[in-house]
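1. Turn this into a structure:
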Amino acid sequence: MSMDERRAVKISKYLARHLRHRPERIGLTLDHGGWADVTELLAACAAHGFPLTRAELEHVVAVNDKQRYVLDGDRIRAAQGHSIQVDLGLPPASPPELLYHGTVSRSVAAILRDGLLPMGRHAVHLSPDRETARRVGARRGEPVILVVEAGRMAAGGHEFRVSENGVWLTGRVPPEYLRE
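-> Just a heads-up that it's a prediction; the model follows:
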């Protein structure tokens, strides 16, 4: 199936809104792990003026550059980034020595002063490499890459988890573990 890239982006944004933040807006219920039944999701989308097919859904999940969604048989969820309460069931993991966070220059002073905070999400998102962090930061302007001393954080008792798509998650990053 061939899908126009604009349609794929539109579907991905719609899924993010409803699988991460506002499932109730379309009458969708997620289980405690953030999973939605695919048939219920497709019906809810159609009922709220955004019809899509199972094939379109599978295509968007497969080609999403950040692998934001996990499709497991007849259920789907966002890999991370929820503002609603879900338990992704991710076990604690030992991070690499360094992780990265992409941001923009106007945020750097506050981050270096206060640390990285979840800002309405359940966890701070960290990238395993500079290039991924650069892409994340570039969504809001000219990116600045911050280095997170994750190994030192973990040794200091901070817990990390890693999502299915390789994003590292932690509650917060205190400023003493950050550098430009």
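
2. Can you get me a residue count around Pro91?
-> Counted with other CB atoms under 10 Å, residues neighbouring Pro91 total 6. Heads up, the C-betas are built off the backbone N, CA and C, glycines and all.

3. Now it. Nearest residue, chain neighbours left out?
-> If you skip the residues right next to it in sequence, Pro91 has Arg161 as its closest partner in space, 6.9 Å away by CB to CB, 6 or more residues apart in numbering.

4. gap between the one you found and Leu126?
-> Using CB to CB, to the nearest Å, Arg161 is found at 11 Å from Leu126.

5. Which one of the two is surrounded by more residues?
-> Neighbour totals were compared for Arg161 and Leu126, and Leu126 leads with 26 against 18 (other CB under 10 Å).

6. Please, which helix or strand holds that one?
-> strand 124-126 (DSSP states H and E).

7. roughly how far out does that strand sit from the chain middle?
-> 8 Å (CA atoms, centre = their mean, to the nearest Å).

8. next one: stretch 161-172
-> That offset, for stretch 161-172, works out to 9 Å (CA atoms, centre = their mean).

9. Would you map the helices across the chain?
-> All helices of the chain, identified by DSSP state H, fall at 5-16, 38-47, 54-63, 105-114, 130-138, 150-155.

10. Which neighbouring elements make contact with the longest one?
-> Taking 3 or more CB pairs under 8 Å, 6 or more residues apart in numbering; DSSP states H and E as the contact definition, the neighbouring helices and strands of helix 5-16 are helix 54-63, strand 75-78.

11. where in the chain is pLDDT low?
-> 1-2 (pLDDT under 70).

12. Without its sequence neighbours, what residue ends up closest to Glu149?
-> Tyr177 (4.6 Å).

13. Give the full set of residues in contact with that neighbour.
-> 115, 148-150, 152-153, 156, 158 (CB atoms under 8 Å, 6 or more residues apart in numbering).

14. Derive a PyMOL selection command for the buried subset of the residues you listed.
-> Applying 16 or more other CB atoms under 10 Å to the contacts of Tyr177 leaves a buried subset, and the PyMOL line that selects it is:
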select buried, resi 115+148+149+150+153+158
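
15. that older thread, what residues do Arg161 and Leu126 have in common as contacts?
-> In contact with both Arg161 and Leu126: 168-170, using CB under 8 Å, 6+ apart.

16. List just the nearest of these to Glu58.
-> Leu169 (25.8 Å; CB to CB).

17. Can you tell me how far the closest residue to the closest one other than its chain neighbours is from Ala133?
-> Using CB to CB, 6+ apart and skipping the chain neighbours, the partner closest in space to Leu169 is Ala123 (3.8 Å). Noted for Ala123: a distance of 16 Å to Ala133, by CB to CB.

18. neighbour count winner among the two?
-> Under the criterion of other CB under 10 Å, the comparison of Ala123 against Ala133 puts Ala133 first, with 24 against 21.
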